[in-house]
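Sequence isn't available, so here's the structure alone:
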């Protein structure tokens, strides 16, 4: 099974490494950013190119892991002369049918995880959500996915769309709460490390309790003194103050559901 | 060392258990809610009362772990006839001097953690922030605190105020992001459990990377197609849509810092 990777960003890097480790041959890495393409190709021991036309023509599977907005710019050139191959994308936010104007055999493998190049991840625990436009190709993708992870699920494009927006809240937005926390501490000479036990416990709690039942703090108690005190501490940070107010109101509203 | 606990909520429960386990004698639990007082007193093998006047007069230390807004309602009665004891509160948001109109010897022990009665916690990793109005009492509190946790720090009222607001972001607000995630998934028939590896990795990442460097997703890439798609998915949830928009803008602003 010969695989070409379209993209050399965070997701492509971790997926490429997992495929390589599972014994799959990566034949080529494409990225418009030469440095990224070169770095990943050296890890995966394959050639690289910054020209989509120069990607190998004889791969069995082409896996696209590029920014959603770049998809249509490369899709036509990618599929040309490669009509019998299987084309997969990896995006939570794109429907499977985005391929339908271009390819005959297509599908999706969506790894729902946050990837940064410099942080190793255990790929075996990452949920992989699969979709394909034929039963045979769904089986083929499942065979590959099960060699990478213990958590493989089928998901329709509609389900994946909700998984993705939910993941933005659970991951990107909770990480931004850590970033605001770090910013507030830093400005007061307190190291961020003291927050790690609290961050860990907050994540650990939702393994046992529903998030709504795990909630604590001034907003759920509707402790107006504390809330008003905090809002006035944020007076010079209008954006952060707005976020504080909107989330506190929403916590309170959820508690009355 | 005889300790009386004023309050029987989440914090009082876990702090009481940790003190009991470390061999301290809890002589009495006070709560206006009889059921809470009774439950905690049976765990700590002590008496309970719902009348502040009936709290033992001869404890060495009184630890208050009640809602901030209830403090002044009980402080006067609590301290009457107990003038030589040490009075501590446990709140991130209250300055130490809140005691000054009432007591002679006073201080703070602030455990920075999220406590729910039904979820056990490892007290030894919880950061405890201490303050007292005399060196001797600070030493006394430190001796006790070090038997409960490996992470004991001094913190001024001003530092504690910033720790508390930072903790609201890192804990309560990130938990609310999990709650919104759960809500979105539930409405689409997807179990919340699939999010746990992502939540765990998001928390694990900030042990290695600064939160701002750990960020991924559509907002940091400024992927307008995805962001606009998500905003339209939230059209019938104005509150959640506002939160999505405010946090996405803030993520983008932080990335340009």
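Perfect, I can see it now. This structure is a prediction, so every number in the text was calculated from the model and none was measured.

make it CA atoms for all contacts and neighbour counts henceforth
Fine.

Would you mind listing the buried residues in the host helix or strand of residue A:16?
Secondary-structure element containing residue A:16, defined by DSSP states H and E: helix A:10-21. Along helix A:10-21, these residues count as buried under the neighbour rule (16 or more other CA atoms under 10 Å in any protein chain shown): A:10-20.

what lines up beside the next helix or strand after that helix in the sheet?
Proceeding N to C from helix A:10-21, the next assigned helix or strand is strand A:25-30, under DSSP H and E. Pairing partners of strand A:25-30, with direction, according to DSSP bridges: strand A:2-6 (parallel), strand A:47-49 (parallel).

Tell me which helix or strand comes right after the last one.
As assigned by DSSP H and E, the chain's next helix or strand after strand A:47-49 is strand A:61-64.

if we can go back for a sec, other SSEs contacting the helix holding residue A:16?
strand A:2-6, strand A:25-30, helix A:34-44 (3 or more CA pairs under 8 Å, 6 or more residues apart in numbering or on different chains; DSSP states H and E).

Need the mean per-residue confidence for it.
Within the predicted structure, the mean pLDDT of helix A:10-21 is 96.

got a list of contacts for it?
Under the criterion CA atoms under 8 Å, 6 or more residues apart in numbering or on different chains, residues A:5-6, A:25-26, A:40, A:43-44, A:65, A:115-117, A:121, A:123, A:148 lie in contact with helix A:10-21.

on that earlier part again, of the strands paired with strand A:25-30, flag the one that's most buried.
Here the criterion is mean neighbour count by mean count of other CA atoms under 10 Å in any protein chain shown, and of the strands paired with strand A:25-30 the winner is strand A:2-6, at a mean of 24.

Sort out which residues of the helix or strand of chain A with the lowest mean pLDDT are buried, please.
Within chain A, confidence by mean pLDDT, DSSP states H and E is lowest for helix A:71-79 among all helices and strands, at a mean of 90. If you call a residue buried by 16+ other CA under 10 Å, then helix A:71-79 has these buried ones: A:71, A:75, A:77-79.

if we can go back for a sec, now flag whichever of the contacts of helix A:10-21 is closest to residue A:50.
Relative to residue A:50, the closest of the contacts of helix A:10-21 is residue A:6; by CA to CA it sits at 9.9 Å.

Just to check, that closest one is in contact with residue A:65?
Yes - assessed by CA atoms under 8 Å, residue A:6 is found in contact with residue A:65 at 5.9 Å.

On the pLDDT front, check residue A:152 for me.
We have a pLDDT of 97 for residue A:152.

Name all residues that make contact with the residue of chain A most remote from its centre.
The centre of chain A is farthest from one residue, residue A:225, which by CA atoms, centre = their mean lies 38.7 Å away. When the contact criterion is CA under 8 Å, 6+ apart, the partners of residue A:225 are B:68-69.

circling back to that earlier point, pipe the strands paired with strand A:25-30 into a markdown table and attach mean pLDDT per row.
Formatted as a markdown table, the entries for the strands paired with strand A:25-30 read as follows, by pLDDT from 0 to 100:
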| stretch | mean pLDDT |
| --- | --- |
| strand A:2-6 | 98 |
| strand A:47-49 | 98 |
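
Pipe the ones you listed into TSV and attach distance to residue B:242 per row.
Below are these laid out as TSV (distance: least, CA to CA, whole Å):
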stretch	distance to residue B:242
strand A:2-6	35
strand A:47-49	42
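
need the helices for the stretch 101-250 of chain A, in chain order.
Along the stretch 101-250 of chain A, counting by DSSP state H, counting those that start in this stretch, helices occupy A:135-148, A:157-167, A:174-186, A:196-205, A:211-214, A:218-221, A:224-233, A:238-255.

what packs against the longest one?
Think helix A:238-255. Under the contact rule (3+ CA pairs under 8 Å, 6+ apart), helix A:238-255 is packed against helix A:218-221, helix A:224-233, helix B:238-255.

can I get those helices in TSV with distance to residue B:212?
As requested, the helices and strands packed on helix A:238-255 are arranged in TSV below (distance: least, CA to CA, whole Å):
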stretch	distance to residue B:212
helix A:218-221	25
helix A:224-233	22
helix B:238-255	7
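
Highest average neighbour count across those helices: which stretch is it?
Comparing those by mean neighbour count (mean count of other CA under 10 Å), helix A:218-221 ranks first with a mean of 20.

what is the mean pLDDT for it?
On average, helix A:218-221 scores 92.

right, so of the helices and strands packed on helix A:10-21, which gets closest to residue B:234?
strand A:2-6 (31.2 Å).

now the closest one against helix A:71-79, angle please.
Direction vectors for strand A:2-6 and helix A:71-79, defined by axes from the mean of the first three to the mean of the last three CA atoms, to 10 degrees, enclose an angle of 150 degrees.

To residue A:252, which of the helices and strands packed on helix A:238-255 lies closest?
Among those, helix A:218-221 comes nearest to residue A:252, with 5.4 Å by CA to CA.

which other helices and strands contact that closest one?
Counting contacts by 3+ CA pairs under 8 Å, 6+ apart, helix A:218-221 is packed against helix A:224-233, helix A:238-255.

Kindly reformat those helices as TSV containing mean pLDDT.
Compiled in TSV, the helices and strands packed on helix A:218-221 are given as follows (pLDDT from 0 to 100):
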stretch	mean pLDDT
helix A:224-233	95
helix A:238-255	97
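
Can you add distance to residue A:162 and give those back as TSV?
Formatted as TSV, the entries for those read as follows, by distance: least, CA to CA, whole Å:
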stretch	distance to residue A:162
helix A:224-233	32
helix A:238-255	19
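
And these: which comes nearest residue B:197?
Comparing those by CA to CA, helix A:238-255 comes nearest, at 23.7 Å.

neighbouring contacts of the closest one?
Looking at what lies outside helix A:238-255 - CA under 8 Å, 6+ apart - the contacts are A:180, A:212, A:219-220, A:222, A:231, A:234-235, B:173, B:176, B:239-240, B:242-243, B:246-247, B:250.

And for stretch A:108-119?
In this structure, residues lying in contact with stretch A:108-119 by CA under 8 Å, 6+ apart are A:9-11, A:13-14, A:88-92, A:96, A:121, A:126-132, A:141, A:145, A:164, A:167, A:171, B:197-198, B:201-202, B:205, B:208, B:214, B:216-217.

repeat that with 6 Å
Here stretch A:108-119 makes contact (CA atoms under 6 Å, 6 or more residues apart in numbering or on different chains) with A:10-11, A:88-91, A:127-131, B:198.

what's the answer for stretch A:45-53, then?
A:27-32, A:37, A:41.

from those, which two are the most distant?
Using CA to CA, the pair of the contacts of stretch A:45-53 lying farthest apart is A:27 and A:32, separated by 17.0 Å.

out of the two, which sits in the busier spot?
In this view residue A:27 and residue A:32 are compared by other CA atoms under 10 Å in any protein chain shown, and residue A:27 has more residues nearby, 21 against 14.

what separates that one from residue A:48, distance-wise?
Taking CA to CA, to the nearest Å as the measure, residue A:27 falls 9 Å from residue A:48.

and what of residue A:41?
Taken as CA to CA, the span from residue A:41 to residue A:48 is 6 Å.

just residue A:130 next, same as before
Distance check for residue A:130 against residue A:48: by CA to CA, it reads 27 Å.

next one: residue A:168
Separation of residue A:168 from residue A:48 (CA to CA): 31 Å.

Quick check, pLDDT for residue A:85.
pLDDT, the model's per-residue confidence, is 97 for residue A:85.
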